[in-house]
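Trainee: model this:
(chains A and B)
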Amino acid sequence: MPLKVYNTLTRKKEDFVTMHGRRVNMFVCGITPYDHVHMGHAKTYVTFDMVARYLRHKGYRVFYVQNVTDVEDRLIARMLDSGRDWRDLVAEFITEYMAVMEALNVTAVNHFAWATDYIPEIIEQIKGLVKKGIAYAVDGDVFYDVTKFDGWGKLSGMIVEELRPGARVEVDKRKRSPADFALWKSQKPGEPAWDSPWGKGRPGWHIEDTAITVSIFGPQYDIHGGATELMFPHHEAEIAQAEALTGVKPFVRYWMHGGMLMIGGEEMHKSLGNFWAVPDALKLFDGEVLRFFFLNAHYRSPIDFSLEGMEEAKRSYQRLLDTYQLLSQSAKRGSDGPMTADAVLDTAVTAAKTKFEEAMDDDFNTREAIAVIFALASQINRSFEAGVSKTAAQRCLGQIDIFGDVLGLFQKVRRQGLVPTDALLDILVQIREEARKRKDFAVSDLIRDKLKEIGVTLEDAKEGVRWKLK
RNA sequence: GCCCGGGUGACAGAGCGGCCAAUGUGACGGACUGCAGAUCCGUUUCCUGGGGGUUCAACUCCCUCCCCGGGCACCA
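Mentor: Residues are numbered from 1 along each chain as shown, chains lettered A, B, ... in the order given. Below you'll find the predicted structure:
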């Protein structure tokens, strides 16, 4: 069954057909590290991490590139009002970003491309656009003339004449049309800058992405991801830059956009006072719970974030974790012989595998995929009441682990294996002491002997019991 | 104003031209149980924004209206 991907460009679910066989080039707009990582970032990057994981599961070799916008207006603004060097800000927030991504099991990115590492490529692209008469320079700035590109608006459906110039941002008077956007911005006092044919300055926001992807992937690639609010103007500008420059259309074959993260039914904004930084959320909830929360809705739907919603996600996910533990413990030390419910469980596992893939093939329907896992979990619990053998448990666990790897869930329980050794040994020592007090030496010796078998020696010293690991 | 997206049970949230409208949470009852927890079974009156149309059949397709969210040129 073919994978179907919803393509914003065509507003349809399309069969996923790559450019180069099993190779997939994928790019996702990364962050501008000028402030804390917020929940919207988390949702977006969990989404595309899942996309890359599933593609790899399907056998594709995914080259996933994400940019880091390490020079940009908001970053400069932050630098100017904090008095800190922009590079320090970048270092601080990118470190936080990486830590947060790790907590969310976001691991699929192969390469982070930093905007400032691509200044020569950016300048080359701008020069190319100027040479073609598509871009024009005005005292040190370079603008893209939107009227020169007839595909403008094809991604977002925007109609140039209908737009309201300056609805949110003041229009630069030097632009030929309010629709034009900056490719290069001249340096203002105190700002970071690089040499260019137009004088010292820095790149506009949109150009780094095309400089990076054209350099790494060439004039066309498979998937571009991002959140919906980037669709216009950012992604529209990318198309305009790349297609005008290279002539290859479409620049990106599949445009994927994730729904917004809302808070109380509104977009999250510092100014609305509903801003949630991920590190703060991680103090209240495990990263995997957060990840589960995001994947528990379709990636294109907006999600309303709330503490109640998170509490529910936590309880819900816990149900799966409980079943996971039941299963993994039985897989280690369950009964050997065939058991009553083995066949039923095997059938359920096979059915779940099929349904899971059908759900994921349908434009990465993680909500449906998770429902499949819940159904399997119920079956697992029912089967265990009837009796399941060790090997059937192992087969089932194997499948659950595959689901977990695709969705980036169950990673912690899986790694966990055993409870913390020290604490466990302390408890055994305590129980043995209780037994010795009762002069129940059969039990106390049993504990000591069994521990010795697994390499733990107990010594009754004057000051108390000592344990040693061999 | 224009361009997108959406309105489904107490709540969250899928799906599909007909087959029980998933799944989870919550609530209630029962089973199991030394306690606790988990689990299982059942219930939570047939819930698809309004109106029209197409069709043997619409929550699903079309039109229209209402409501909500996003974008409109420097937001993941």
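
Trainee: for residue A:65, which three-state class applies?
Mentor: Three-state secondary structure (criterion: DSSP: H, G, I helix; E, B strand; the rest coil) places residue A:65 in strand.

Trainee: next one: stretch A:289-308 to chain centre, how far?
Mentor: 13 Å (Cα atoms, centre = their mean, to the nearest Å).

Trainee: er, stretch A:263-272 I mean
Mentor: 21 Å.

Trainee: kindly report the same for stretch A:235-250.
Mentor: 26 Å.

Trainee: quick check: buried residues in that stretch?
Mentor: Going by neighbour count (16 or more other Cβ atoms under 10 Å), the buried part of stretch A:235-250 is A:235-246, A:250. Every residue, glycine included, has its C-beta placed from N, CA and C.

Trainee: and for stretch A:395-409?
Mentor: For stretch A:395-409, by 16+ other Cβ under 10 Å, it's A:395-397, A:399-401, A:403-409.

Trainee: if you average pLDDT over it, what comes out?
Mentor: Mean pLDDT, computed over stretch A:395-409, is 96.

Trainee: how about stretch A:37-45?
Mentor: Averaging pLDDT residue by residue across stretch A:37-45 gives 94.

Trainee: using PDB, write out every CA atom in it.
Mentor: The C-alpha trace of stretch A:37-45 is given here as PDB (Å, rounded to 0.1, in the frame of the first residue of the first chain):
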ATOM      1  CA  VAL A  37      12.100  26.900  23.000                       C
ATOM      2  CA  HIS A  38       8.300  27.000  23.200                       C
ATOM      3  CA  MET A  39       5.500  24.400  22.900                       C
ATOM      4  CA  GLY A  40       4.900  25.300  19.300                       C
ATOM      5  CA  HIS A  41       8.400  24.400  18.400                       C
ATOM      6  CA  ALA A  42       8.000  21.200  20.300                       C
ATOM      7  CA  LYS A  43       4.900  20.200  18.400                       C
ATOM      8  CA  THR A  44       6.500  21.000  15.000                       C
ATOM      9  CA  TYR A  45       9.700  19.100  15.600                       C
END
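
Trainee: so how far is residue A:355 from residue A:316?
Mentor: From residue A:316 over to residue A:355 the distance is 19 Å, taken as Cβ to Cβ, to the nearest Å.

Trainee: residue A:140 too?
Mentor: As for residue A:140, its distance to residue A:355 is 59 Å (criterion: Cβ to Cβ).

Trainee: which stretches in the stretch 151-300 of chain A count as strands?
Mentor: A:181-186, A:201-203, A:221-227, A:252-258, A:261-263, A:266-267 (DSSP state E, counting those that start in this stretch).

Trainee: turn those into CSV, including mean pLDDT, mean neighbour count and distance to RNA strand B.
Mentor: Below are these laid out as CSV (pLDDT from 0 to 100; neighbours: other Cβ atoms under 10 Å; distance: least, Cβ to the nearest atom of the strand, whole Å):
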stretch, mean pLDDT, mean neighbour count, distance to RNA strand B
strand A:181-186, 92, 23, 5
strand A:201-203, 94, 24, 11
strand A:221-227, 94, 24, 3
strand A:252-258, 94, 23, 7
strand A:261-263, 89, 19, 4
strand A:266-267, 78, 12, 3
